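based on what follows, work out the 3D shape:
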Amino acid sequence: MTAAAERGSTMIAERAVRRIAAQAAREADLTGRRARAVRASASVRGPRTDLAVDVCLPYPAVLAQDGATVRER
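Numbers count the residues shown, from 1 in each chain. As a prediction, the model looks like this:
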């Protein structure tokens, strides 16, 4: 079997990371309500990814609680 270091690496496009993050934000369980992903951006540099997702939360929302739920998802 070939050693892991010799097999190469998997590259994931920033667009794919951005879409996955936006989908995850939309799937966050806000007790029957859904967040809406307005905009997402991702920057992939080696093993590090910087990610930002802007969401609209349904009214009424407890911002700290619902924001934490979206981030955890």
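
strands along this protein, start to end?
Secondary structure of the chain (DSSP state E): strands at 36-45, 48-56.

what's the longest one packed up against?
By that I understand strand 36-45. helix 14-26, strand 48-56 (3 or more CB pairs under 8 Å, 6 or more residues apart in numbering; DSSP states H and E). C-betas here are computed from N, CA, C, even on glycine.

most packed of these?
helix 14-26 (a mean of 16; mean count of other CB atoms under 10 Å).

any idea how far it is from the chain center?
5 Å (CA atoms, centre = their mean, to the nearest Å).

any idea of the angle it forms with strand 48-56?
40 degrees (axes from the mean of the first three to the mean of the last three CA atoms, to 10 degrees).

give the contact list for the residue most central in space within the chain.
What sits nearest the mean C-alpha location of the chain, by CA atoms, centre = their mean, is A21, with 2.2 Å. Contacts for A21 (CB atoms under 8 Å, 6 or more residues apart in numbering) come out as 37, 40, 42, 51, 53.
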